[in-house]
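K.L.:
Fold the following.
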Amino acid sequence: MKKPDPHDLHLVCMSEMLERLQIEPSAAARGNFGNAFGASVHACEDCEAGEACRDWLMRAGSRIVKAPAFCPNVQRFDWMRLEQHTFGRKRSVH
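P.N.:
Numbers count the residues shown, from 1 in each chain. Model (predicted):
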């Protein structure tokens, strides 16, 4: 059996992390989030904790409020989550 490409593992984990944090990837990739999202993809690809991330996600719940401390994107994800949820509330009021 072929060993999976580490970049595939990272991107699958990042996608799963965003979903569980309730961050909309398409919204995160544009507007004010674009630079942060691009940086988060590169940080994830360069991360050496891909297997630890996968294992953490396997144990974590379906909804989380914060990425694990070992994640190089923990602060970016916090910011994107806060901004998206704040922007979404403001948008729904108007």
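K.L.:
Where does pLDDT dip in this protein?
P.N.:
By pLDDT under 70, the low-scoring segments of the chain are 1-7, 31-32, 87-94.
K.L.:
Centroid-nearest residue for this structure?
P.N.:
Geometric centre of the chain, nearest residue: Leu18, 3.7 Å, by Cα atoms, centre = their mean.
K.L.:
So it sits against Ala29, correct?
P.N.:
No. Using Cβ atoms under 8 Å, Leu18 makes no contact with Ala29, being 10.4 Å away. From N, CA and C alone the C-beta is placed, and that goes for glycine too.
K.L.:
shared neighbours of these two, anything?
P.N.:
Overlap of the contact sets of Leu18 and Ala29 (by Cβ atoms under 8 Å, 6 or more residues apart in numbering) is empty.
K.L.:
Phe70 - how many residues pack around it?
P.N.:
12 (other Cβ atoms under 10 Å).
K.L.:
which non-adjacent residue is nearest it?
P.N.:
Closest residue in space to Phe70, ignoring its immediate chain neighbours: Ala49 at 5.2 Å, by Cβ to Cβ, 6 or more residues apart in numbering.
K.L.:
From Leu18, how far off is that neighbour?
P.N.:
Distance, Ala49 to Leu18, using Cβ to Cβ, to the nearest Å: 17 Å.
K.L.:
neighbours of Glu51, just the number please.
P.N.:
Neighbour count for Glu51, taken as other Cβ under 10 Å: 11.
K.L.:
next one: Asn35
P.N.:
Quick note: Asn35 (other Cβ under 10 Å) scores 10 neighbours.
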